[in-house]
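# after the sequence you'll find the predicted model.
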Amino acid sequence: MDFSAVNWLAVVVAAVVAWLFGAAWYTTLSKPWLKAAKLDPATMKRSPLPFIISFVAEMVMAIVLSLVVGAMTGGEPSLVAGLIFGFVLWLGFVATTLSVNHRYEGFGWDLTLIDAGHWLGVLLLIGAVIGWFGAPAG
């Protein structure tokens, strides 16, 4: 695997943008999400750990998406390619996984739609940033 094709600035910017999107998404949809996830805010533990884990996960997603877009475009990523691959990876892995997991866990489709919408936004934003920044200067 050739990590020299990764634009590390794009990866960091993409992860930050994705994390901020998630913060806005779940702040806006906090009440329906809590209800769908069957969580009571009064009994929830407050911890920074989920925020840290989500940022690390988004860094990993940005690296992987950068590698995929770079490989599939011959090292010349574009905004359109980033959006297309972000969507395809979301559809093939995220939407399907959430749909299956939430059915086994006994959650309704409302939770799946909220969470899947979040990850769609994340992968589209990461793809857009990766594609917009393009290949690393070298």
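Received the coordinates, thanks. Numbering: from 1, shown residues only.

# which residues of the chain fall in strands?
With DSSP state E, there are no strands along the chain.

# surely residue 134 meets residue 7?
Yes. Counting by C-beta atoms under 8 Å, residue 7 is a contact partner of residue 134 at 6.8 Å. Any C-beta I mention is one placed from the backbone N, CA and C, and that applies to glycine too.

# mind listing the shared neighbours of the two?
Contact criterion C-beta atoms under 8 Å, 6 or more residues apart in numbering; residues shared by residue 134 and residue 7: residue 77.

# just want to know which of these two has more residues nearby.
A count of neighbours by other C-beta atoms under 10 Å puts residue 7 above the other of residue 134 and residue 7, at 22 against 18.

# look up how far residue 76 lies from that one.
12 Å (C-beta to C-beta, to the nearest Å).

# are there residues contacting both of the two? Which ones?
Joint contacts of residue 7 and residue 76 (C-beta under 8 Å, 6+ apart) are 134, 135.

# residue nearest the centroid of this structure?
residue 122 (3.4 Å; C-alpha atoms, centre = their mean).

# and the helices in the protein, which stretches?
8-28, 30-36, 49-72, 79-89, 96-105, 109-133 (DSSP state H).

# what sits against the residue nearest to the centre of the chain?
Per C-beta under 8 Å, 6+ apart, neighbours of residue 122: 18, 21, 22, 58, 61.

# against residue 91, how distant is the residue lying closest to residue 1 once chain neighbours are set aside?
Closest residue to residue 1 apart from its sequence neighbours, by C-beta to C-beta, 6 or more residues apart in numbering: residue 67 at 6.9 Å. Using C-beta to C-beta, residue 67 is found at 19 Å from residue 91.
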